[in-house]
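> quick check, what structure comes out for this input:
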Amino acid sequence: MAYFACPLRRLFPLTMLGRIWHLSWPLMLANASAPLLGLVDTGLMGHQTDSRYLTAVALGANLFGFVAWGFNLLTMATSGSTAWIFGRSGLAAAGLWLRRLAVWVGGLGVLLVLLSPLLIALGIGFYQPDDSVVAEHIRTYLGIRVWSVPLVLLNLLLAGWCIGVQRTRINLWATLTAQIVNIALSVLLVVGLGWQVAGVAVGSVIGDLCAFLVYACSAWRVLHSQGAHRVSAALSAAIPPLSHYLRLALPLLIRTLTLLFAFNWFARLGLQLGPDVVAANAVLLSFLLVISSLLDGYANAAEALVGQHAGAGRRRRVQQAILGSGLWSAGTALLLTLVFALAAEFLIHLLTDLPGVRAVAIEYAIWLILMPLYTWWAYWLDGVFIGLQWVRAMRNVLLISVFAIYLPLSLLIPITSNHVIWILFAAMMALRSLLMAGLVARRWRHIT
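Numbers count the residues shown, from 1 in each chain. Have a look, this model is predicted:
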């Protein structure tokens, strides 16, 4: 027993496993709380006298969410690059990196605000609502919400920076503050003052502002408490140029768009089998949000620890961070598989009471049960690749998985059953994971 214990301790030291959990759990809670706001907004609009309020907020939130989701690459690019700088040059250099990026990202946010009349018109034109009242409500919602775009982008940047310098509790406090303020104000403005759509939008803007204040004040406190706020010529020389950041961001943008295409293509395949199949697949796939909320915590920890030790050139620590985050991810995936196996039918009943949709979802519940097993590798290895700054390889793997395998096979194979759709989706995720794992294995001995 002792013979095996020593190598295992070297591969999975308790200090590294504990550090991964310490960084992961605040991010899991922050991710898990994210859907709460949408539920409250839906409930507030769903209890108005006219269903057009709910329609407008749902469509407006979708349009705004598309922008926010698209720029999520700021978090990924920032966490990986910050972790490298933090490991190589220390906290002061990471602070200078944040200040430089904040100027650029804030400017991008202001530019989007200036372009907002055109962007709002394009968004409403995309949906082409027949009801002019719905269109006007969407315009009202987005006209207010757009003022928080610079704040949203800066919050994404600061979230990545906090992950990179391993201060993930800041992410939790910022998220919870935004949620509490947003919900309280939305209830006050909608129920108390009757502002309807405008009340929900104003609540969201002020919530984003509060999140920014928590992030900014916390980052300032971290830097000043460590005496890391001073800038010197030597420190400036340790910071990469902004072109380095753009070289990280562009592949991540392509990756994001490719993922968006893949999930929309999945929905399109379901249309060949009828609306009940599309709805049932949406119910099953919604549990992917639960899986990602948990597994992204470990992926973010991998970004921070792998990036830090790679930047410092500590190969053994990089390997331990990769294996440790993988162990946590695998264990959580097995636990989720067990939960879904025991409670799949109950969970499906919670999400829909439509008999036809329920029946189809229960028939194909095996894909929900297996979902953690064929997705956890991808979430974990995404974090590893971001920490190592292998973003081009990450992009290429996804492009191959989607456009060389998933899309051609879905066009060549007859979609005679919903099982075929799920097999294709699972195969894409599995191939993506295997290709990424192969790259890590090939470079394992010299990985930094």
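
> from Val149, how far off is the residue sitting nearest the centre point of the chain?
Computing the C-alpha centroid of the chain and ranking residues by CA atoms, centre = their mean puts Asn72 first, at 6.5 Å. The spacing between Asn72 and Val149, counted by CB to CB, to the nearest Å, is 14 Å. C-beta: built from backbone N, CA, C; applies to glycine.

> then Gly95?
From Gly95 to Val149 the distance is 25 Å (CB to CB).

> circling back: residues in contact with the residue nearest to the centre of the chain?
Neighbour list for Asn72: 156, 256 [criterion: CB atoms under 8 Å, 6 or more residues apart in numbering].

> give me the pLDDT value at the residue nearest to Tyr379 when sequence neighbours are not counted.
Nearest residue to Tyr379, sequence neighbours excluded (CB to CB, 6 or more residues apart in numbering): Leu295, at 4.1 Å. pLDDT, Leu295: 93.

> and for Cys162?
97.

> now swap in Ala282 and tell me
Ala282 is given a pLDDT of 84.

> next, give phi and psi for it.
Torsion angles at Ala282 (phi, psi; degrees, to the nearest 10) stand at phi -60, psi -40.

> tell me how far it lies from Ile386.
The gap separating Ala282 from Ile386 is 28 Å, by CB to CB.

> compare these two (neighbour count), which wins?
Under the neighbour definition other CB atoms under 10 Å, Ala282 and Ile386 were set side by side, and Ile386 has more, 31 against 16.

> buried stuff in the helix or strand where Phe261 lies?
With secondary structure defined by DSSP states H and E, Phe261 is part of helix 242-271. Neighbour-count burial for helix 242-271 flags 245, 247-249, 251-256, 262, 265-266, 269-270 (criterion: 16 or more other CB atoms under 10 Å).

> show the average pLDDT along that helix.
For helix 242-271, mean pLDDT rounds to 90.

> which neighbouring elements make contact with it?
Here helix 242-271 touches helix 51-70, helix 73-89, helix 91-114, helix 275-311, helix 391-399, helix 407-412, helix 418-442, going by 3 or more CB pairs under 8 Å, 6 or more residues apart in numbering; DSSP states H and E.

> what's the local residue count around Phe126?
The burial count for Phe126: 11, using other CB under 10 Å.

> to clarify, my last question referred to Gly438.
Residues near Gly438, counting by other CB under 10 Å, number 11.

> which stretches of this structure have low pLDDT?
Residue ranges of the chain with pLDDT under 70: 1-12, 35-51, 53, 130, 228-234, 238.

> quick one, domains of it?
The chain breaks down into these domains under automatic domain parsing: 1-25+242-448, 48-240.

> assign a three-state SS to Val181, would you?
Recorded secondary structure, Val181: helix (DSSP: H, G, I helix; E, B strand; the rest coil).

> the nearest residue to Asp276 once chain neighbours are set aside: which element?
Distances taken as CB to CB, 6+ apart place Gly356 nearest to Asp276, at 4.5 Å, with adjacent residues excluded. Using DSSP H and E, Gly356 sits within helix 355-363.

> from Val113, how far off is Ile423?
Ile423 is 45 Å from Val113, where distance means CB to CB.

> oh, that last question was meant for Leu435, not what I typed.
40 Å.

> now do the buried residues in the helix or strand containing Ala330.
For Ala330, the host element (DSSP H and E) is helix 315-351. For helix 315-351, a neighbour-count test (16+ other CB under 10 Å) marks 317-322, 324-330, 332-333, 336-337, 340, 344, 347-348 as buried.

> how about the secondary structure of Gly227?
coil.

> for it, which residues are in contact?
Contact analysis of Gly227 by CB under 8 Å, 6+ apart lists Ala92.

> Leu108 is in contact with Leu153, isn't it?
Yes. The criterion here is CB atoms under 8 Å, and Leu108 meets it with Leu153 at 6.2 Å.

> with neighbour numbers in mind, choose between those two.
It is Leu153, of Leu108 and Leu153, that has more neighbours when counted by other CB under 10 Å, with 24 against 16.

> can you tell me the closest non-neighbouring residue to the more buried one?
Leu153 sits nearest to Gly109 (CB to CB, 6+ apart), 4.4 Å away.

> what about the one you found, neighbour count?
So Gly109, with other CB under 10 Å, has 21 neighbours.

> what of the one 10 residues further on?
Around Leu119 sit 17 other residues, with neighbours defined as other CB under 10 Å.

> please, which helix or strand holds it?
In the assignment (DSSP H and E), Leu119 maps to helix 116-127.

> and that helix with helix 91-114, angle?
Comparing the axes of helix 116-127 and helix 91-114 via axes from the mean of the first three to the mean of the last three CA atoms, to 10 degrees yields an angle of 70 degrees.

> picking that back up, nearest to Gly307 among the buried residues of helix 242-271?
Closest to Gly307 out of the buried residues of helix 242-271 is Leu248 (11.4 Å), distances taken as CB to CB.

> that closest one reaches Gly80, doesn't it?
Yes. Counting by CB under 8 Å, Leu248 touches Gly80, with 6.8 Å between them.

> where do the contact lists of these two overlap?
The contact sets of Leu248 and Gly80 overlap at 389, 391 (CB under 8 Å, 6+ apart).

> quick check: Val306 touching Gly387?
Yes. Between Val306 and Gly387 there is a contact under CB under 8 Å: 3.0 Å.
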